[in-house]
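Engineer: sequence first, then the predicted structure, then my questions.
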2 protein chains.
Amino acid sequence: MPREVRERQMVDAAVEVFARRGYRTASMDEIAELAGASKPLVYLYLNSKEDLFSACIRREAEALIAAVRAAADPAAPADRRLWHGLRGFFAHTAAHPDGWAVLYCQARSHGEPFALEVAALRQRLVDVVTQLIADTARDGGCVKPLPGEEVSGLAHALVGAAESLAGWSNARTGSGGPGHSDREAAETLMNLAWAGLENLANGRRWAPARP
Amino acid sequence: MPREVRERQMVDAAVEVFARRGYRTASMDEIAELAGASKPLVYLYLNSKEDLFSACIRREAEALIAAVRAAADPAAPADRRLWHGLRGFFAHTAAHPDGWAVLYCQARSHGEPFALEVAALRQRLVDVVTQLIADTARDGGCVKPLPGEEVSGLAHALVGAAESLAGWSNARTGSGGPGHSDREAAETLMNLAWAGLENLANGRRWAPARP
């Protein structure tokens, strides 16, 4: 079997074990067994538990970014671009709950260097959303472009909302609770955020009504 | 000096040191010195580094919840209730960046029992927002009440957005970047989320335009 395939099997097994047991409790014995490989071979290919965990984070991060990018149709109007991006995000996180748990629970819980890798992933998601909001404002014929600061804040808010919703949705599914499908998660966030983004793109802002 | 006052000084010092150094690197010597107390007295009052860290989490969590609750005026219309709640949240996280860092960076990064305490805080914030969204739907004369599942998803999304925005805003301020004031953070989130919530309360949902 080519090394590439073997390594992929090892990382598959590791994602599952890290997600289920947590980074510290996960054992290389269990990972090797699940991968159908010997423990010395896992060390030969992936070097150490720390490097194996980093490999899991990198692979899952790339897969999530790729899923979001693949879902977006750059020729669609802005609302459909956001909708497709959200559909891609939630479909991926729902289909890969172990990968999601490694990225957003395990990796953030074990300090450097793992937290830095997740921060880099997050920044890439924020960049995708920042571009989308800037495009929305432009397509909306925004008379005065939105300040970069505001676009950046909106992008961070939207990514935080998506992360939170994915975690909640996966936790419910994982605990056997009444399911909230990935389509429903995308609809929830679209309903929460689109009207506001469209308003901003058209220069309409919320202001408190006078009492 | 009464024990209560002494303990408060110790927790004040601990929040500052934990935020700056991280849980593992923080030294009880530095905390004692900053609190102007002897190390044996810190151990006598707060027992251990772990208990002291837990005390920091609990105090900062209570303070944040209290700030959000105090800001909301239950008699105001729904948009102003959300606005005041957001103002309270961002004013508090901006004024207490060390407390925020302990809650959202340090506590989440060091496993149980700390992560559980932060999860409990988060649930209380989600509960406050869930109630607010349910009230909004009712005030909006929502013909058909929003499903509980959807309200819960919206609340998780909104809390995730607020956390993400607070982290971004504090990181910018901390790094000496161009400031994004806590009022601007509240405005950003209000502009992002209010129109969507109002639409939902009035039975208006986003649907993709036919191509």
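Structural biologist: Perfect, I can see it now.
Engineer: output stretch A:166-186 in CSV with nothing but the alpha carbons.
Structural biologist: Only the C-alpha atoms of stretch A:166-186 are listed here, as CSV (Å, rounded to 0.1, in the frame of the first residue of the first chain):
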residue,chain,number,x,y,z
ALA,A,166,-22.2,24.3,14.2
GLY,A,167,-21.2,23.3,17.7
TRP,A,168,-24.7,23.4,19.0
SER,A,169,-26.1,21.6,16.1
ASN,A,170,-23.5,18.8,16.3
ALA,A,171,-23.9,18.5,20.1
ARG,A,172,-27.7,17.9,19.6
THR,A,173,-27.2,15.4,16.9
GLY,A,174,-24.4,13.6,18.9
SER,A,175,-26.6,13.4,22.0
GLY,A,176,-29.5,11.9,20.0
GLY,A,177,-31.6,15.0,20.6
PRO,A,178,-34.1,16.1,18.0
GLY,A,179,-32.0,16.8,14.9
HIS,A,180,-31.4,20.3,13.6
SER,A,181,-30.3,19.5,10.0
ASP,A,182,-27.4,21.3,8.4
ARG,A,183,-29.8,22.9,6.0
GLU,A,184,-31.8,24.3,9.0
ALA,A,185,-28.6,25.7,10.5
ALA,A,186,-27.8,27.5,7.3
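Engineer: name the nearest residue to the residue nearest the centre of chain A, sequence neighbours excluded.
Structural biologist: Computing the C-alpha centroid of chain A and ranking residues by C-alpha atoms, centre = their mean puts A:Leu64 first, at 5.4 Å. Residue nearest to A:Leu64 in three dimensions, not counting chain neighbours: A:His92, with 5.6 Å by C-beta to C-beta, 6 or more residues apart in numbering or on different chains. Using the backbone N, CA and C atoms, a C-beta is placed for each residue, glycine as well.
Engineer: now for the one you found, how many residues are close by?
Structural biologist: Counted with other C-beta atoms under 10 Å in any protein chain shown, residues neighbouring A:His92 total 22.
Engineer: what do you get for A:Met10?
Structural biologist: Count around A:Met10 with other C-beta under 10 Å applied: 23.
Engineer: tell me the helix or strand right after the helix or strand hosting it.
Structural biologist: Assigned by DSSP states H and E, A:Met10 falls within helix A:3-21. For helix A:3-21, the following helix or strand on the C-terminal side (DSSP H and E) is helix A:28-35.
Engineer: any weak-confidence spans in chain A?
Structural biologist: Flagging of chain A using pLDDT under 70 yields the residue ranges A:140-143, A:175-180, A:209-211.
Engineer: what does the domain assignment say about it?
Structural biologist: Per the record, chain A has its domains at A:1-47, A:56-201, by automatic domain parsing.
Engineer: okay, those domains, which one's buried deepest?
Structural biologist: Comparing the domains of chain A by mean neighbour count (mean count of other C-beta atoms under 10 Å in any protein chain shown), domain A:56-201 comes out on top with a mean of 19.
Engineer: straight-line length of that one, end to end?
Structural biologist: End-to-end distance for domain A:56-201, by C-alpha to C-alpha, to the nearest Å: 39 Å.
Engineer: so what's the gap between it and the chain middle?
Structural biologist: Distance of domain A:56-201 from the chain centroid (C-alpha atoms, centre = their mean, to the nearest Å) equals 6 Å.
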